[in-house]
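**Q** Pasting the sequence and the predicted model now:
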Protein chains: 2
Amino acid sequence: MTEEMLLAALAERAETIEASLEVLLPGSDGLDAPLYAAMRYATLGGGKRLRGFLVMDVASLFGVSETCAARVAASVEMLHAYSLVHDDLPSMDNDDLRRGKPSTHRAFNEATAILAGDALQARAFEVLAEPDTHSDPAARSELVLALGNAAGARGMAGGQMIDIAAEGQALTLSQVARMHALKTGRLIQYSAEAGAILGRAPQQVRAQIAAYGRDLGAAFQIADDVLDASGTAHELGKTAGKDQAAGKATFVTLLGVERAKTQARMLSEQAANHLEHFGDEADRLRALAAWAVSRRS
Amino acid sequence: MTEEMLLAALAERAETIEASLEVLLPGSDGLDAPLYAAMRYATLGGGKRLRGFLVMDVASLFGVSETCAARVAASVEMLHAYSLVHDDLPSMDNDDLRRGKPSTHRAFNEATAILAGDALQARAFEVLAEPDTHSDPAARSELVLALGNAAGARGMAGGQMIDIAAEGQALTLSQVARMHALKTGRLIQYSAEAGAILGRAPQQVRAQIAAYGRDLGAAFQIADDVLDASGTAHELGKTAGKDQAAGKATFVTLLGVERAKTQARMLSEQAANHLEHFGDEADRLRALAAWAVSRRS
């Protein structure tokens, strides 16, 4: 599969996910209008939808209906969007720019941004538990359980805490790896796993998919560090070189660009190897692993 | 049932819930330690545990095991604690005092407080979805669905948005009632309803319990406004008279103390009336409705 075909598939899935988000995140014309508007502002119209793509592409391996998969993809993207809104806050990373637009607290205000993030998280869990997401309540319950684990203290929130607590400290390579595994890795892993949960895959197959997601997430993060060190704000749609400026240890500062690139490529291959029991139908997931480390933005 | 007996029951349930929270919220000695510490600080050792009491007392009507009910009670208390942490933030209500202690962002810092709230919300949903909470995944899924609805934009977060957006505006009585119904009412209603979900109560019975919770919550809120207008910071364990000072419309500013008290009593009786199909076993819930409007703190 060529990169062009993968990018076309990403764009197509992104459209499906966007349509799902449009339905799942209505507006309001009451006093609560700013909340609904901020939730939509933070979530709609942006990003590669990598997480949502993973949900849908893995789900398609198991013949899951696209409508159900798109709901879970939308839920993961809401969770991801909420994390970006909160990470950008002045007391956190203090970032004014996100996906080339003012970050949510700049477009609205801080209180509205905090609440929009909070409400997006609640909505993400709610959508998973709605009967339309899967006919089997056991599947819905598993989706919620795994997302709670991936999003909370033992996952994304814990990783962000380590990132913040480490400011001014010299983290070791294994500490940086663990921080990223929690902060971004767990949700990417969840996204792949959610597709397998939707497909009621046997435990062993689910574990392979989870391992693919874990290694893909790690590869993606190292590639991000490389891009952040060499990219510009324009290409990234966010403030570039911020981590170095803040004196944060990254894979690039710890390994240098070349060894970081090698490490990312190794993880990308390892991710693809977890798919060995699948045939051609998993080619797009293999191409995604390759693209994760070859992309230029 | 005397007030003394009710207070003893509240205290006993609070101990059970505290023990459950202790288990469900471990500490950490890694770089993420502040997050875990802040989650515990915000949640443990405080409050009347009204919401958790409701879960457990309603669940006991249906013979639900205390262990399962205590887990759901703990989950609701985590959700409630997270909302207090975020509400107290400088960009929200900017409150330095909570339950007689420094609020979480004062005891830690703002970033840690935001993350602790975020992680508490995730943990609340995770606990509901864990198999230990109920043997039937359909019950777990319903618990999650209803909490997502009660906590998000159409519930608690939406109510807080209205509260903030209304600053400096003269809200009408019905707007204030709606704001409180969302901001605090929905979670209190959920707490009662969760007991009925745990008990697999028939839809009609669940609706009665939900109606009890809704009216109880409304009565409780008006009584809070009355206390806030007349109480001291010492009795309330938080900053008193803050709403009036901020020029916010409350039931007391809109109705006056006497009519507000009458309204609260009416709602309290209405709450109890929804329990008419229950016998003596619901006496404690009836006593709770009476106490909601007679309490002095």
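**A** That came through fine.

**Q** which residues in the stretch 51-200 of chain A form strands?
**A** Here the stretch 51-200 of chain A has its strands, by DSSP state E, counting those that start in this stretch, at A:97-98, A:101-102.

**Q** For the first one, what is the distance to the chain centroid?
**A** Here strand A:97-98 is found 16 Å from its chain centre; the criterion is CA atoms, centre = their mean, to the nearest Å.

**Q** taking the mean pLDDT, what do you get for that strand?
**A** Taken as a whole, strand A:97-98 carries a mean pLDDT of 92.

**Q** Walking through the stretch 101-250 of chain A, point out its helices one by one.
**A** With DSSP state H, counting those that start in this stretch as the criterion, the stretch 101-250 of chain A has helices at A:104-107, A:110-129, A:137-151, A:156-165, A:173-180, A:186-198, A:203-230, A:233-236, A:242-245.

**Q** Tell me which residues are up against the fifth one.
**A** Think helix A:173-180. For helix A:173-180, the external contacting residues (CB atoms under 8 Å, 6 or more residues apart in numbering or on different chains) are A:159, A:162-163, A:166, A:171, A:218, A:221, A:249-251, A:254-255, B:31. Bear in mind the C-beta positions are built from the backbone N, C-alpha and C, glycine included.

**Q** can you redo the residues you listed as TSV with distance to A:R265 and pLDDT?
**A** Converted to TSV, these look like this (distance: CB to CB, whole Å; pLDDT from 0 to 100):
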residue	distance to A:R265	pLDDT
A:G159	23	97
A:I162	26	96
A:D163	25	93
A:A166	26	88
A:L171	23	90
A:A218	12	97
A:Q221	13	94
A:A249	21	84
A:T250	17	88
A:F251	13	92
A:L254	17	93
A:L255	13	93
B:L31	28	92
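
**Q** Out of these, which is nearest to B:A37?
**A** Using CB to CB, B:L31 is the member of these that lies nearest B:A37, at 12.2 Å.

**Q** what about the closest one, helix or strand, and which?
**A** Counting by DSSP states H and E, no helix or strand carries B:L31.

**Q** any idea how far it lies from B:L25?
**A** Using CB to CB, to the nearest Å, one obtains 18 Å as the distance from B:L31 to B:L25.

**Q** Lowest average pLDDT across the helices of the stretch 101-250 of chain A?
**A** The stretch with the lowest average pLDDT out of those is helix A:233-236, scoring a mean of 49.

**Q** can you give me the offset of stretch A:211-219 from its chain's centre?
**A** Distance of stretch A:211-219 from its chain centroid, counting by CA atoms, centre = their mean, is 12 Å.

**Q** what's in contact with it?
**A** Residues outside stretch A:211-219 that contact it (CB under 8 Å, 6+ apart) are A:54, A:177, A:180-181, A:184-193, A:264-265, A:267-268, A:270-272, A:274-275, A:285, A:288-289, A:292-293.

**Q** same thing with stretch A:270-281?
**A** Under CB under 8 Å, 6+ apart, the answer for stretch A:270-281 is A:60-61, A:205, A:208-209, A:211-216, A:219, A:282, A:285-286, A:289-290, A:292.

**Q** what about 10 Å?
**A** With contact meaning CB atoms under 10 Å, 6 or more residues apart in numbering or on different chains, stretch A:270-281 is reached by A:1, A:57-58, A:60-62, A:192, A:204-205, A:207-220, A:282-283, A:285-290, A:292-293.

**Q** Can you point out the buried residues in it?
**A** Buried positions in stretch A:270-281, judged by neighbour count with 16 or more other CB atoms under 10 Å in any protein chain shown: A:Q270, A:A271, A:A272, A:H274, A:L275, A:F278.

**Q** Please convert these to JSON lines, extending it with secondary structure.
**A** Shown next, in JSON lines, are those (DSSP: H, G, I helix; E, B strand; the rest coil):
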{"residue": "A:Q270", "secondary structure": "helix"}
{"residue": "A:A271", "secondary structure": "helix"}
{"residue": "A:A272", "secondary structure": "helix"}
{"residue": "A:H274", "secondary structure": "coil"}
{"residue": "A:L275", "secondary structure": "coil"}
{"residue": "A:F278", "secondary structure": "coil"}
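
**Q** Out of those, give me the two with the largest separation.
**A** With distances taken as CB to CB, the most widely separated pair in these is A:Q270 and A:F278, at 15.4 Å.

**Q** OK, contacts around A:T67?
**A** With the criterion set at CB under 10 Å, 6+ apart, A:T67 makes contact with A:T16, A:S20, A:D132, A:T133.

**Q** Which secondary structure state is assigned to the first one?
**A** It stands for A:T16. helix.

**Q** Thought A:E77 was touching it, still the case?
**A** No - here A:T16 does not reach A:E77: they are 11.4 Å apart, not a contact under CB atoms under 10 Å.

**Q** neighbour count winner among these two?
**A** Set side by side, A:T16 and A:E77 show unequal neighbour counts under other CB atoms under 10 Å in any protein chain shown, the larger going to A:E77 at 29 against 19.

**Q** Thought A:M39 was touching that one, still the case?
**A** No - checked against CB under 10 Å, the pair A:E77 and A:M39 is beyond contact range at 11.8 Å.
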